[in-house]
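Novice: Predicted structure and sequence below. I'll ask about it afterward.
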Amino acid sequence: MSSNLEDLYREVILDHYRSPRNRGELPVPPAHRSEGFNPLCGDEVTVFLDVDPDTAIVRDIKIQGQGCSISQASTSMMSAAVKGQTVDEARRLIRAFKALMSIHETRLEGEGDGSDLAADLEGVRLGDLEALQGVVKFPVRIKCATLSWNTLQQGLDEIAAAGE
Amino acid sequence: MSSNLEDLYREVILDHYRSPRNRGELPVPPAHRSEGFNPLCGDEVTVFLDVDPDTAIVRDIKIQGQGCSISQASTSMMSAAVKGQTVDEARRLIRAFKALMSIHETRLEGEGDGSDLAADLEGVRLGDLEALQGVVKFPVRIKCATLSWNTLQQGLDEIAAAGE
Amino acid sequence: MNLDAMPLDVERIRRDFPALAREIRGQRVVYLDSAASSQKPESVLRAMDDAYRCYYANVHRGVYQMAEESTAAFEAARAKVTRFVGARSSRELVFVRNATEAINLVAYSWGRANLQAGDAVVLSHMEHHANIGPWQMLAEERDIELRWIPMTDDFRLDLSTLDELLRGARLLAVTAMSNVLGTINDIRPLADAAHAHDALLLVDACQYVPHVATDIVEWDADFVAFSAHKMLGPSGIGALCAREEILDAMPPFLGGGEMIRDVRLDGFTTNELPWKFEAGTPAIVEAIGWGAAIDYLAALGMTEVRDHEERLTRYALDALTERFGDAIHIYGPRDVSIRGGAISFLFDDIHAHDISQVLDQRGVCVRAGHHCAKPLMRRLGVPATSRASFYVYNTEAEVDALVAALVAAEAFFRI
Amino acid sequence: MNLDAMPLDVERIRRDFPALAREIRGQRVVYLDSAASSQKPESVLRAMDDAYRCYYANVHRGVYQMAEESTAAFEAARAKVTRFVGARSSRELVFVRNATEAINLVAYSWGRANLQAGDAVVLSHMEHHANIGPWQMLAEERDIELRWIPMTDDFRLDLSTLDELLRGARLLAVTAMSNVLGTINDIRPLADAAHAHDALLLVDACQYVPHVATDIVEWDADFVAFSAHKMLGPSGIGALCAREEILDAMPPFLGGGEMIRDVRLDGFTTNELPWKFEAGTPAIVEAIGWGAAIDYLAALGMTEVRDHEERLTRYALDALTERFGDAIHIYGPRDVSIRGGAISFLFDDIHAHDISQVLDQRGVCVRAGHHCAKPLMRRLGVPATSRASFYVYNTEAEVDALVAALVAAEAFFRI
Ligand SMILES: Cc1ncc(COP(=O)(O)O)c(C=O)c1O
Ligand SMILES: Cc1ncc(COP(=O)(O)O)c(C=O)c1O
């Protein structure tokens, strides 16, 4: 296999793909459920979120759905990254991860030069998630990687709206 | 001017164009009135027909409208050709004239080989009208030449329908 | 298979397609995605380039020579498309952007003029979204019932309840060849059944016309939709072919120039067929390119084209089964006489996207996803498949390359 | 006129346009019909040919490299068109077949979702059929009132009753530049007036975008329609540019692949902007060609383009008046600062068609007819006019050729 392909399929990605973390469901309510689709490939993801209303901490997160290795691995890594974090930290992670992913998309659209993206990335520790950076070289796969993050964001927004 | 252009603008055509026959209106009823448009160029023609219900002879015909030299000349020649003829003879003339014109259109559409057109032309004396044959070399102008004939046909059809 | 057909000289054909010489990462591209869109031969590219270089002008509008030449070439292309599908007259052939627009045209114009609350439209479980979306929009707007012809477990239409489904239906809209399964549906009996119930028949012939000699009069279809880009022609053009009486009775769809006879402040009258349905400047050069594509296919002979694809499909089905046995799932009939050259497949536990990515690394282009047929995917119980599809320029060596790349992909994800 | 603008090097530009080398009856063609459709430069033809030869594939669908390249080129073209008209984001730029379809999209989707019996839409007497037909169809279907901004005797919009016309109106739909008169309408005040009455503004910018630097944010327009083929781009593609919030709130227009997020048997959800409005395989290579056309125009500079056309229009108006005096009627403003390079004219007692025919004999291409603006023709009291129109590649020598050909035509019909 060419090095190119291994940029995409890093070992840690294949590991999350083969042994996804936090698979399962949570009872709704008290948990919140949000769904995401990738219209390109038909991938689907369901994110169950249990957020403590007092501390705003993501007490638990579970994932269902089907998808390619990139979307599955990204989902698994996302769940591990946000579990136990506050909602604010989770949102910062979403922004940072999208910044990591969207550099190419943004250039494509010719809007902005990526400098504000750098700001989003600053001070956020992505850890394992950085393994997904290779996806940027494969533009069609970016949506695979961001699907679960968009669904998480949607879930957090819905929880916030319901709490108001 | 090249000979080509003179194929189109024969002397007899320019003559009919400059001194159009049978311009004017007829009272409706008893006369019948039909209108035609050329959507390409905006040309309009109104044909007033006075057909004797007993003898089916076109007792009188008058023409109004605006158009290019080809449409005006064709209209004028048409009016002269059908005036005093029976409806059957007028229809035979319409068929023959369209055959003269549509040879090219038909080839363009790739439908039929023109052999039935020859039959339509057989035994009909077109006289002056043959001067319009040069139009066939200028496909966009064919609709200019046929406008008044289509309007005549429509008028005859409407009279026939009303008489039933 | 037709025993009279001379095999296509595929090596010669390949030389006509510049894109097939493309190298990807040092390897000659293996293009197996013609069901999504085909490559184009030199003659099509040249016809379009020539039009722009020598006689381009807007059509139906100018009295000058270039406009006449352009109009003649545009209408000659219409005549070619008309003849290629066996329509009766160019008046029955409306140029649109693609098959999707053709079906929408029917839903908007014929549908809204003829269908009312309580009427039914019958579709099938193997339709492409193009033949679902327009009807769902209409169904929601007008409270129309959609009914679905189910699929048998051997990937064919289950016609056992057709009579019941057609009771009170106004339209049967069905694909002639599934873009996922390859299944060819026998259209004439469907037309007869629909007409027996006073319903009209719309055929989505997007995958059929490029691959099998088509005679829409023989089908007795009322509406037929297809696209140029899947049959060696350019992007940006397709056609709706429909019976003249029906088109005549339909209200216009898009309003504007070209489709109008006269306009006053208080209303307009429409132009003759087919222009009544062609508002604005049409895809002029695209039509001319499509005409050249049809010349190319006609010169090959559609019997020969079909024969080649049957042979190649048989070869591919055999090779995949032999190499992967039970590890590969193939979604579609095994009998090549009732199917086209689109082969959908899946390996257990390896997502179609990942397969496709590894294949791309070796220059093998297949499609991965739901192929715009999500209801069918749900029926198959899978989120996505990989699909390899063949056309006149594909070879057995390319099937071998596909199999070899799949072996590598399987190995990569099984480690 | 902008005094900073460097004059275009027209002789060099002409060499980029292969069709301008065409000879008609032994004479170099004099192409004066760019308002109907423009010729295309080499760079546009090459961009399209390259796409087909090197990386053609369907967009947004494949995981393989050619599909990625094709998608990237297609979306890069969208970004170019977006920037060229000053739109905020590519999400606001929907590809359609032509300006006509763009306006129909608004009438079908926004119109049918928002307009009801008794609502009013305001148009003007100088609209092209493309901006009349869709509204007449809607008006008839929904019992909507159409109101018309009249024209002054010096060929400009008569805005004296605008406030009254806009009372209770939901939409003002107006051309930025008349294709018959050349008149440029000042859009920003129209936007302000419309918005003051809670009406939206649609601009038919088909004749404007090709010739004048456009900033639709500065216009504050809600919908803008234009076509590629009038601005050095290919046939078969155009755009609707609209404010994102408005597009977001609009129901879909055509249903099918690409515009769908998910489909179940009982309904579908729509994709994001702009794809929500792009059903089926788009005009892929046409978009790429359009992008190249925009690169070409941007390299010339739109200030320079406008300057060249003002100069040439002034030269032509002077030459025609000087040579023919009262014998020629020119329909359009004399002041070149408020008009574009489309000049409509008529000689007493010589029909526009006949003029055009004689001109064609000398290779001079002008258009004759009603220019798809019959209400305007009725207002002018003529059945048809001849129209000469200019673009970046036209020269003063060509204007001289036009005048000489008109002298010959006049002589021919006056004998
Ligand atoms: C002012 C105006 N609006 C609309 C159109 C329609 O453009 P298209 O034919 O590209 O849809 C034209 C061109 O014919 C035009 O000049
Ligand atoms: C069966 C079928 N129908 C309809 C379509 C839609 O065709 P287009 O995208 O050209 O409108 C396709 C192609 O994607 C297809 O395969």
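Specialist: Arrived safely. All values reported here derive from a predicted model rather than from experimental measurement. Ligands and ions are numbered 1, 2, ... in the order given.

Novice: And for residue C:133, nearest residue in space, chain neighbours not counted?
Specialist: residue D:255 (2.6 Å; C-beta to C-beta, 6 or more residues apart in numbering or on different chains). C-beta here means a position set from N, CA and C on the backbone, and glycine is covered the same way.

Novice: What's the local residue count around the closest residue in space to residue A:82 that isn't next to it in sequence?
Specialist: Nearest non-adjacent residue to residue A:82, counting by C-beta to C-beta, 6+ apart: residue A:90, 4.4 Å away. Counted with other C-beta atoms under 10 Å in any protein chain shown, the neighbours of residue A:90 add up to 26.

Novice: which SSE is residue A:90 in?
Specialist: helix A:87-109 (DSSP states H and E).

Novice: Looking at that helix now, give me its mean pLDDT.
Specialist: Across helix A:87-109, pLDDT averages out at 75.

Novice: For chain C, which element, helix or strand, carries the lowest mean pLDDT?
Specialist: Every helix and strand of chain C was ranked by mean pLDDT, DSSP states H and E. The lowest is strand C:260-264, at a mean of 85.

Novice: helices or strands next to that strand in the packing?
Specialist: strand C:267-270, helix D:133-142, helix D:374-380 (3 or more C-beta pairs under 8 Å, 6 or more residues apart in numbering or on different chains; DSSP states H and E).

Novice: Which residue, other than its chain neighbours, is closest to the residue in the stretch 301-415 of chain C positioned nearest to ligand 2?
Specialist: Taking C-beta to the nearest ligand atom as the measure, the stretch 301-415 of chain C has residue C:372 as its residue closest to ligand 2, at 5.8 Å. In this structure, residue C:372 finds its nearest non-sequential neighbour in residue D:257, 3.9 Å apart by C-beta to C-beta, 6+ apart.

Novice: Which residue lies closest in space to residue C:413, excluding its sequence neighbours?
Specialist: residue C:350 (4.8 Å).

Novice: State the phi and psi torsions of the one you found.
Specialist: Dihedral pair for residue C:350: phi -120, psi 120, per degrees, to the nearest 10.

Novice: May I have the beta-bridge partners of it?
Specialist: Counting by DSSP bridges, residue C:350 is bridged to residue C:347.

Novice: wait, what's in contact with it?
Specialist: C:409-410, C:413 (C-beta atoms under 8 Å, 6 or more residues apart in numbering or on different chains).

Novice: which SS state does the residue of the stretch 151-300 of chain C found nearest ligand 1 fall under?
Specialist: Per C-beta to the nearest ligand atom, residue C:280 is where the stretch 151-300 of chain C lies closest to ligand 1, at 2.9 Å. Assigned state for residue C:280: coil (three-state reduction, DSSP: H, G, I helix; E, B strand; the rest coil).

Novice: need the contact list for it.
Specialist: C:254, C:256-258, D:97-101, D:130, D:227, D:238.

Novice: Please tell me how far it sits from chain B.
Specialist: Applying C-beta to the nearest C-beta, to the nearest Å, the value for residue C:280 to chain B is 14 Å.

Novice: Let me see the ranges of the strands in chain A.
Specialist: A:32-37, A:44-51, A:58-66 (DSSP state E).

Novice: quick revisit: now tabulate the helices and strands packed on strand C:260-264 in a markdown table and tack on distance to residue B:19.
Specialist: Below are the helices and strands packed on strand C:260-264 laid out as a markdown table (distance: least, C-beta to C-beta, whole Å):
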| stretch | distance to residue B:19 |
| --- | --- |
| strand C:267-270 | 32 |
| helix D:133-142 | 39 |
| helix D:374-380 | 26 |
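
Novice: Tell me how many other residues crowd the closest residue to residue A:151 other than its chain neighbours.
Specialist: Leaving aside its sequence neighbours, residue A:151 sits nearest to residue A:36 (C-beta to C-beta, 6+ apart; 3.3 Å). Number of residues near residue A:36 (other C-beta under 10 Å) recorded here: 24.

Novice: Tell me what residue A:36 is bridged to.
Specialist: residue A:45.

Novice: was I right about it contacting residue A:44?
Specialist: Yes. If you go by C-beta atoms under 8 Å, residue A:36 and residue A:44 touch, sitting 7.1 Å apart.

Novice: got any residues that touch both of the two?
Specialist: residue A:65.

Novice: hang on, the earlier thing: where's the residue nearest to residue A:82 relative to chain C, distance?
Specialist: 27 Å.

Novice: can you pull the contacts of that residue?
Specialist: A:58, A:82, A:152, A:156.

Novice: can you rerun that using 7 Å?
Specialist: A:58, A:82, A:156 (C-beta atoms under 7 Å, 6 or more residues apart in numbering or on different chains).

Novice: do the same with residue C:207
Specialist: Residue C:207 touches C:35, C:177, C:179, C:230, C:340, C:342, counting by C-beta under 7 Å, 6+ apart.

Novice: Let's see if you can find the most crowded of these.
Specialist: Ranking the contacts of residue C:207 using other C-beta under 10 Å puts residue C:35 first, with 30 neighbours.

Novice: May I have the beta-bridge partners of the nearest residue to that residue once chain neighbours are set aside?
Specialist: Distance criterion C-beta to C-beta, 6+ apart; nearest residue to residue C:35, sequence neighbours excluded, is residue C:389 at 3.5 Å. Judged by DSSP bridges, the bridge partners of residue C:389 are residue C:33, residue C:342.

Novice: separation between residue C:389 and chain B?
Specialist: 32 Å.

Novice: Then residue C:62?
Specialist: 8 Å.

Novice: before we move on, the earlier item: mean neighbour count, distance to ligand 1 and mean pLDDT added to the helices and strands packed on strand C:260-264, as a markdown table?
Specialist: As requested, the helices and strands packed on strand C:260-264 are arranged in a markdown table below (neighbours: other C-beta atoms under 10 Å in any protein chain shown; distance: least, C-beta to the nearest ligand atom, whole Å; pLDDT from 0 to 100):
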| stretch | mean neighbour count | distance to ligand 1 | mean pLDDT |
| --- | --- | --- | --- |
| strand C:267-270 | 17 | 15 | 89 |
| helix D:133-142 | 21 | 10 | 96 |
| helix D:374-380 | 21 | 11 | 95 |
